[in-house]
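Asker: following is a predicted model, sequence given first.
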Amino acid sequence: MQVLAAVAALSLAAPARAATDIALWHAMSGELGRQLDKLAADFNASQSDYRIVPAYKGNYTETVTAAIFAFRSRSQPAIVQVNEVATATMTAAKGAVYPVFRLMRDQGEPFSLGDYLPAVSGYYTDAGGNLLSFPFNSSTPILYYNKTMFRDAGLDPEAPPKTWPELGAAAKRLRDRGAPCGFTTSWPSWIHVENFSAFHNLPVATRANGFAGLDAELTINNPSLVHHIAALAEWQKTKLFDYSGRGQAAEPRFQNGECGIFIGSSATRADIKANSKFEIGYGMMPYWPDVKGAPQNSIIGGATLWVLRDRPREEYKGVARFFAYLSQPGVQAAWHQNTGYLPVTRAAFELTRAQGFYERNPGSAISFEQITLNPPTENSKGTRLGSFVLIRGAIEDELEQAFAGHKSAQAALDSAVERGNKLLRQFERASPER
């Protein structure tokens, strides 16, 4: 008995097997970073075999660059967060990437692509419809408006402008009543080229917006987009539209009551609500009613989680478990509600609605309704173009020339196409798929 007791005591004293650490490099700071940390902590608490270890590596470009350098020195993380415009670059890096569809199959974790919204998952699939990276934080542009300013201008505070002519008329009323600017916008290329094209069912590029091959060429100098940019440039002259810069530079101008209408990311909704001293209204992106096929559906921005190769086998089992955890409706719904990002599964949307979140938070369902307005087409599935970060920069250079009156809309977009196509050819020549 004494021997058995001693053996039992030794077995009880033996240390438990340590959890396998899994590095997740990301680009989320501030409140979003805290929400990601909480997500990882909740997963870690749900089981004892694996521990997700998030690490902030700077903005999206800095995070991807850090991962590339780390891969060369074999110190890469198992998971890295990559923004949507770098999808083509990651897709081309076949030797470095462990596709998510293959990971989940290899590790025997349940996973159904059909659970995810086509407008989200379609952006990150290959030609065979296989998911390459895990949909994580997705957003889409929506319209915000100042209800107080609308009332003061004699506009209906419950009726956001649905078309660009209606928006122009509303912006004129706001200006006539003394508003410094009628409307402004963030992320110029994402909203006024990429999403404008998708919402009007127009291609950004040939070859199915790049999904069908590396030999794509830009088509953004088409008559509909030229007309749109020309209208913005004309409105700029009287501040019906007032260009505020790239990225999120425009957002404070709406929050401080300077501009009555703002088009920006759905993911900034909570931030806008927290920092604005007026009642906010919400609407879908406007469209030109004379363009056949509009409105179609908007496309997403944000990022996905990519899995990198050459990590220990045990880590991949944990990554698959983590992705299965993230796929749960309750987890997805909480992430959506706490961050303002889209629910990437229909089950998460239905759960959020059943919980009364949309009723308590007017406008929070608009982003979902807009990306699911119609089934995605070849033109509204997204873009898959190499060097798109650089191409987007070239497009915004040229948009600024048009808004400043230095170039016509046609000349600006012709130049954007020429510059962008040069970048596409450089990417094509350097690609291992060539």
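Answerer: Received, thanks.
Asker: use CA for all of it now, contacts and neighbours both
Answerer: OK.
Asker: pLDDT score for residue 268?
Answerer: Model confidence at residue 268, expressed as pLDDT, equals 87.
Asker: stretch 397-410 spans what distance, first to last residue?
Answerer: 14 Å (C-alpha to C-alpha, to the nearest Å).
Asker: again with stretch 86-99
Answerer: 15 Å.
Asker: buried ones in that stretch?
Answerer: For stretch 86-99, a neighbour-count test (16 or more other C-alpha atoms under 10 Å) marks 86-92, 96-99 as buried.
Asker: who's in contact with that stretch?
Answerer: For stretch 86-99, the external contacting residues (C-alpha atoms under 8 Å, 6 or more residues apart in numbering) are 71, 124, 131-133, 306-310, 384-389, 431-433.
Asker: and residue 54, that's in a strand?
Answerer: Yes - with DSSP: H, G, I helix; E, B strand; the rest coil as the criterion, residue 54 is part of a strand.
Asker: isn't it up against residue 37?
Answerer: Yes - if you go by C-alpha atoms under 8 Å, residue 54 and residue 37 touch, sitting 6.6 Å apart.
Asker: ok, residue 95 to residue 314 distance?
Answerer: Distance of residue 95 to residue 314, computed by C-alpha to C-alpha: 19 Å.
Asker: wait, residue 202 touches residue 378, no?
Answerer: No - contact criterion C-alpha under 8 Å: residue 202 and residue 378 do not qualify, at 9.1 Å.
Asker: pick out whichever of those two has more residues nearby.
Answerer: residue 202 (27 against 16; other C-alpha atoms under 10 Å).
Asker: all helices for the stretch 1-150 of the chain, in order.
Answerer: For the stretch 1-150 of the chain, the helices defined by DSSP state H, counting those that start in this stretch occupy 2-13, 30-46, 60-72, 87-92, 100-106, 118-121, 147-152.
Asker: the residue nearest to residue 80 when sequence neighbours are not counted - how many residues pack around it?
Answerer: In space, and not counting its chain neighbours, residue 80 is closest to residue 25: 4.8 Å by C-alpha to C-alpha, 6 or more residues apart in numbering. Residues near residue 25, counting by other C-alpha under 10 Å, number 24.
Asker: just the one 10 residues further on next, same as before
Answerer: Look at residue 35: counted by other C-alpha under 10 Å, it has 17 neighbours.
Asker: and it, what does it touch?
Answerer: Contacts of residue 35 (C-alpha under 8 Å, 6+ apart): 335, 338-339.
Asker: now those residues as a markdown table including pLDDT?
Answerer: Conversion of those to a markdown table gives the following (pLDDT from 0 to 100):
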| residue | pLDDT |
| --- | --- |
| 335 | 94 |
| 338 | 89 |
| 339 | 88 |
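Asker: please, a ChimeraX command that selects the buried ones among these?
Answerer: Those of those that count as buried under 16+ other C-alpha under 10 Å are selected in ChimeraX with:
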select :335,339
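Asker: quickly, which of the helices of the stretch 1-150 of the chain bottoms out on average pLDDT?
Answerer: Lowest mean pLDDT of the helices of the stretch 1-150 of the chain: helix 2-13, a mean of 47.
Asker: quick one: the helix or strand that contains residue 271 to chain centroid distance?
Answerer: If you go by DSSP states H and E, residue 271 is part of helix 269-275. Centre-to-centre, helix 269-275 and its host chain are 18 Å apart (C-alpha atoms, centre = their mean, to the nearest Å).
Asker: which other helices and strands contact the helix or strand that comes right after it?
Answerer: Next helix or strand after helix 269-275 toward the C-terminus (DSSP H and E): strand 280-283. Judged by 3 or more C-alpha pairs under 8 Å, 6 or more residues apart in numbering; DSSP states H and E, strand 280-283 is in contact with strand 141-146.
Asker: run a quick neighbour tally on residue 114.
Answerer: 10.
Asker: against residue 121, how distant is it?
Answerer: Distance of residue 114 to residue 121, given as C-alpha to C-alpha: 9 Å.
Asker: so where's the chain shaky on pLDDT?
Answerer: In the predicted model, the chain carries pLDDT under 70 at residues 1-17, 432-434.
Asker: go with 80
Answerer: Applying pLDDT under 80 to the chain picks out residues 1-17, 127, 431-434.
Asker: residue boundaries of the strands in it?
Answerer: Taking DSSP state E as the criterion, the chain carries its strands at 20-26, 50-56, 79-83, 134-139, 141-146, 181-185, 259-265, 280-283, 301-307.
Asker: run through the residues that contact residue 270.
Answerer: By C-alpha under 8 Å, 6+ apart, the residues touching residue 270 are 339-340.
Asker: quick one on the thing from earlier: can you redo the helices of the stretch 1-150 of the chain as a markdown table with distance to residue 284?
Answerer: A markdown table is the format used below for the helices of the stretch 1-150 of the chain (distance: least, C-alpha to C-alpha, whole Å):
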| stretch | distance to residue 284 |
| --- | --- |
| helix 2-13 | 61 |
| helix 30-46 | 24 |
| helix 60-72 | 27 |
| helix 87-92 | 26 |
| helix 100-106 | 32 |
| helix 118-121 | 16 |
| helix 147-152 | 15 |
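Asker: which of these sits most buried?
Answerer: helix 118-121 (a mean of 23; mean count of other C-alpha atoms under 10 Å).
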